[in-house]
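K.L.:
give me a model of this one.
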Amino acid sequence: MKRFKTHFLTTVFLLSAGLMASAMSHAGKMAGIIEGFSQKDPAVQYDARRALASYVADATDPGKNNGAEKITRELLSYITDSKTPHEAKKYMIRDLARVGTATAVEPLSKILTGKDSMLAESAREALEEIEGPEVSAILKQTISKARDDDSRRDLIRTLANRAEPGNADYFIKGLTSRDAVLVHESVLALGLLGSKAAVDALAEAYSSSAGDRKLTIENELLRQEGASDAVLKKIYEQSPLSSNKQAALVHLVSSGSRDSGQLLSAAMRSGDTRLRATAIHLALAHGQSSLVQGNLNSLSNNEWLIVLNELEAFDGREAEDLALTALKKGDTAVQEQALHALATYGTGRSVDVLLEKFGGKEKTLQQAANYAIERMPGNAITSRINKMLNSEDEAEVLSGIALLAYRDVPNGKNRLYRYVNGENPKLAREALRILSTTADEEDLYRLLFLVRRTDDEKKASLISGMLKKVAPEIGSRELQVKVAAL
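P.N.:
Model prediction:
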């Protein structure tokens, strides 16, 4: 019996000694970290911060029993110790934001209301992150004791940023408070929560508010997907801000509100140019293009550009009609865009206006007409060019030749060679001008053959001049030598 008792006491002693050694090792490691924070050398302080983070991470390893609670208590013991360096306390509090348990809430709340502003801010950030209802309860108590408006505002925002549904009632009551700071922050907090109860409370407050408060509520409601059509319509009708009217209109039309057609029509007649533009975009994007067609006579140049950029909202004939109307009503920028549109939607009805702009003096519109003539679908423009080339009127033929630079007409190049070979020097000169912009090396060899066999010195000089201009740009070395010998 005596031997057993002696053995038992020896075992207990050894276990106790082991635990004490472990604790001393543990404490020694933290002491070393804290000592690093005491140094002025930035590199040493940096190492201390990394060591602290590693220490906390190791303490909260998932395999360790109750690790978060243990490290929370340990960190708090150092944070409340006056001997711990200020910088170390700051980073320990920040670590509590990541791993702290409910045990940290009350000590942090005392730091929050203390005189050390840096630690108070770190404590506030930690309380924003630590989970549990205890935090919200402490924050609500602390809000009423805040030293000034700025401190109270920060605390309210901390509570709001926790985004706990259980705090909705607190902020709903805050909407009717005499405390202007609490009212304003409650609006923002309810917008952040975004629950049905929060949105309903904001909608009710909107109806009874005025001035800046009403505008703040308005902004939050416009951010909510759950805002009702009724309150959005109120915002559209009552807001002093064009941007908010536009946002409300977008919500209403996008959600398929039954009043969307009426609202769009009214917006298009508004004196607010930005609202009108938004209404046009929405009408075209949501299958209500007829509303735009009903307001064509009142469209500004900028609004015409919107319509022309979204012609896919109309069928082909309507799109062509709009482009032709824009050519009559718009400024140069509008007409240019309309001509580009005819490259896609143009038919035989557009040929005359394209030829008019092609032969006009406005260079920008000439270039836009060239673009459309080259790309317009169908045979209408090709048929017109052939008709012009077969005309008895020299001016018509000259215009037809000029159009061959932009439209790929069947047998077009052979026609150009016939004009070059013909008796009319004006037609020959124009045909050579077009060939100079469209020729390849094969064409140049063909012209070289023509210049060698013609007896007309003027024509030979004309062709030779064109070859000497173009051959150095696109001809082979062999061709260039032959042209140079002319």
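
K.L.:
wait, Leu215 touches Gln238, no?
P.N.:
No - applying C-beta atoms under 8 Å, one finds Leu215 not in contact with Gln238, separated by 10.2 Å. C-beta here means a position set from N, CA and C on the backbone, and glycine is covered the same way.

K.L.:
just the buried positions in the one helix or strand Leu76 maps to, please.
P.N.:
Per DSSP states H and E, Leu76 falls inside helix 67-79. For helix 67-79, the neighbour count (16 or more other C-beta atoms under 10 Å) marks Gly67, Ala68, Glu69, Ile71, Thr72, Glu74, Leu75, Leu76, Tyr78, Ile79 as buried.

K.L.:
any idea how far the fifth one is from Ala137?
P.N.:
What that stands for is Thr72. Thr72 sits 18 Å away from Ala137, going by C-beta to C-beta, to the nearest Å.

K.L.:
re earlier: what comes into contact with the helix holding Leu76?
P.N.:
30, 34, 56, 59-61, 64, 84, 88-89, 92-93, 95-96, 99-101, 103-104, 107, 111 (C-beta atoms under 8 Å, 6 or more residues apart in numbering).

K.L.:
now the buried members of those residues.
P.N.:
Among these, those classed as buried by neighbour count (16+ other C-beta under 10 Å) are 30, 34, 56, 59-60, 84, 88-89, 92-93, 95-96, 99-101, 103-104, 107, 111.

K.L.:
need the contact list for Ala368.
P.N.:
Contacts of Ala368 by C-beta under 8 Å, 6+ apart are Gln335, Glu336, Leu339, His340, Lys357.

K.L.:
what do you get if the cut-off is 6 Å, keeping everything else the same?
P.N.:
By C-beta atoms under 6 Å, 6 or more residues apart in numbering, the contact list for Ala368 reads Glu336, Leu339, His340.

K.L.:
what about it, which helix or strand?
P.N.:
Taking DSSP H and E as the criterion, Ala368 maps to helix 363-375.

K.L.:
what comes up buried for that helix?
P.N.:
Of all the residues in helix 363-375, those buried under the rule 16+ other C-beta under 10 Å are Leu365, Ala368, Ala369, Asn370, Tyr371, Ala372, Ile373.

K.L.:
how about the nearest residue to Ala198, chain neighbours excluded?
P.N.:
Nearest residue to Ala198, sequence neighbours excluded (C-beta to C-beta, 6 or more residues apart in numbering): Leu190, at 4.0 Å.

K.L.:
looking at the buried residues of helix 363-375, which is nearest Ile306?
P.N.:
Ala368 (18.2 Å; C-beta to C-beta).

K.L.:
find the residue closest to the closest one in space, skipping its chain neighbours.
P.N.:
Here the nearest residue to Ala368 in space, its sequence neighbours aside, is Leu339; by C-beta to C-beta, 6+ apart that works out to 3.7 Å.

K.L.:
is that neighbour in contact with Gln366, as I believe?
P.N.:
No - look at Leu339 against Gln366 with C-beta atoms under 6 Å: they stay out of range, at 9.6 Å.

K.L.:
joint contacts of those two?
P.N.:
By C-beta under 6 Å, 6+ apart, no residue touches both Leu339 and Gln366.

K.L.:
pLDDT at Phe8, what is it?
P.N.:
Note for Phe8: predicted pLDDT of 33.

K.L.:
hmm, I was thinking of Gly191
P.N.:
Confidence score, pLDDT, at Gly191: 95.

K.L.:
secondary structure element for the spatially closest residue to it that is not a sequence neighbour?
P.N.:
Leaving aside its sequence neighbours, Gly191 sits nearest to Glu220 (C-beta to C-beta, 6+ apart; 3.3 Å). Using DSSP H and E, the element containing Glu220 is helix 211-222.

K.L.:
for that helix, what is the distance to the chain centroid?
P.N.:
From the chain centre to the centre of helix 211-222 is a distance of 24 Å (C-alpha atoms, centre = their mean, to the nearest Å).

K.L.:
who are the packing partners of it?
P.N.:
Applying 3 or more C-beta pairs under 6 Å, 6 or more residues apart in numbering; DSSP states H and E, we find helix 211-222 packed against helix 180-193, helix 196-207.

K.L.:
after it, next one along is what?
P.N.:
Toward the C-terminus from helix 211-222 - assigned by DSSP H and E - lies helix 229-238.

K.L.:
for the record, mean pLDDT for that next one?
P.N.:
Computed over helix 229-238, the average pLDDT equals 95.

K.L.:
just to revisit the earlier point, so which of the helices and strands packed on helix 211-222 is the most packed in?
P.N.:
The highest average neighbour count among these, using mean count of other C-beta atoms under 10 Å, belongs to helix 180-193 at a mean of 21.

K.L.:
where does the prediction get shaky in this protein?
P.N.:
For the chain, applying pLDDT under 70 flags the ranges 1-28.

K.L.:
narrow the buried ones among the contacts of helix 67-79 to those in helices?
P.N.:
With helices taken from DSSP state H, the overlap with the buried ones among the contacts of helix 67-79 comprises 30, 34, 56, 59, 88-89, 92-93, 95-96, 99, 107, 111.

K.L.:
now for those residues: which two are most distant?
P.N.:
Ala59 and Ile111 (21.1 Å).

K.L.:
follow-up on the earlier one: now render the buried residues of helix 363-375 as TSV, adding distance to Pro42.
P.N.:
What follows is those, written out as TSV (distance: C-beta to C-beta, whole Å):
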residue	distance to Pro42
Leu365	67
Ala368	65
Ala369	70
Asn370	68
Tyr371	64
Ala372	68
Ile373	71
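
K.L.:
please convert the helices and strands packed on helix 211-222 to TSV, extending it with distance to Thr382.
P.N.:
Shown next, in TSV, are the helices and strands packed on helix 211-222 (distance: least, C-beta to C-beta, whole Å):
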stretch	distance to Thr382
helix 180-193	61
helix 196-207	61
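
K.L.:
Gly475 is nearest to which of those helices?
P.N.:
Nearest to Gly475, of those and by C-beta to C-beta, is helix 180-193 at 71.6 Å.

K.L.:
thought Asp229 was touching Leu221, still the case?
P.N.:
No - Leu221 lies out of contact with Asp229 (C-beta under 6 Å); the separation is 11.9 Å.

K.L.:
and those two? Which one has more around it.
P.N.:
Leu221 (27 against 16; other C-beta atoms under 10 Å).

K.L.:
let me see the contact set for Glu356.
P.N.:
Counted by C-beta under 6 Å, 6+ apart, Glu356 has zero contacts.

K.L.:
host element of it?
P.N.:
Using DSSP H and E, the element containing Glu356 is helix 351-358.

K.L.:
give me the buried positions along stretch 418-431.
P.N.:
Buried residues in stretch 418-431 (16+ other C-beta under 10 Å): Tyr419, Val420, Leu427, Ala428, Arg429, Glu430, Ala431.

K.L.:
tell me what the host helix or strand of the third one is packed against?
P.N.:
Here Leu427 is covered by helix 425-438, with elements defined by DSSP H and E. Taking 3+ C-beta pairs under 6 Å, 6+ apart as contact, the helices and strands that helix 425-438 lies on are helix 394-403, helix 412-421, helix 457-474.
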